[in-house]
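Participant: heads up, no residue letters with this:
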């Protein structure tokens, strides 16, 4: 190896090291989703004339901060469209992202309520918000919404609460 090649190689190692340090200092995500983020997990030797290492990348599903922020923004915009500009004062939190489905809270100093969202065609959409009983009819377009997030709903035809 000549001097220029060694310099480029060392520069590459520095870039990988800085990236590994950066990934190692990031805070843990809120919850998991179907997004994938490469995570550097270990280093393995490369067969060369000198003992060198290269990172191994493991792909792990994790919710990203960007995904959570996008979800909050969509929920807030949906609440404003549904309830007017006063909803702009609400604080939106995400408590669970389970695949293409999510739930959280919208709160203000005077109280708040739940919201549920679904990702369809790659974009989040507010499905339901409020307090009280969720009408089963509200979920008819989302038959795969996990029962772990919404275990029961009100069936107006049967006039009773039903397990999902």
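Facilitator: That came through fine. Computed from a predicted model, the values in this text were never measured in an experiment. Numbers count the residues shown, from 1 in each chain.

Participant: the helices in this protein, which residues?
Facilitator: Assignment of helices within the chain using DSSP state H yields the ranges 3-25, 65-83.

Participant: which of those helices has the lowest mean pLDDT?
Facilitator: When the helices of the chain are compared by mean pLDDT, helix 3-25 comes last with a mean of 46.

Participant: any idea how the chain splits into domains?
Facilitator: With domains defined by automatic domain parsing, the chain comprises 3-61, 88-163.

Participant: residue 104 and residue 91 touch, don't they?
Facilitator: No. Applying C-beta atoms under 8 Å as the test, residue 104 and residue 91 come out as separate, 10.2 Å apart. All C-beta atoms are positioned from the backbone trio N, CA, C, and that covers glycine.

Participant: neighbour count winner among those two?
Facilitator: residue 104 (21 against 12; other C-beta atoms under 10 Å).

Participant: worst mean pLDDT among the domains of the chain?
Facilitator: domain 3-61 (a mean of 43).

Participant: so what's residue 137 up against?
Facilitator: Shown in contact with residue 137 (C-beta atoms under 8 Å, 6 or more residues apart in numbering): residue 156.

Participant: roughly how far does it sit from residue 84?
Facilitator: Look at residue 137 and residue 84: by C-beta to C-beta, to the nearest Å, they are 24 Å apart.

Participant: tell me, how many residues neighbour residue 132?
Facilitator: 8.

Participant: list phi and psi for it.
Facilitator: Dihedral angles of residue 132 (phi, psi; degrees, to the nearest 10) stand at phi 100, psi -150.

Participant: again, but for residue 131
Facilitator: Dihedral angles (degrees, to the nearest 10) for residue 131: phi -120, psi 150.

Participant: which strand residues bridge the closest residue to it other than its chain neighbours?
Facilitator: Among residues not flanking residue 131 along the chain, residue 113 sits closest, at 4.5 Å (C-beta to C-beta, 6 or more residues apart in numbering). Beta bridges link residue 113 to residue 106, judged by DSSP bridges.

Participant: one more: residue 97?
Facilitator: Bridge pairing for residue 97 - DSSP bridges - gives residue 102.
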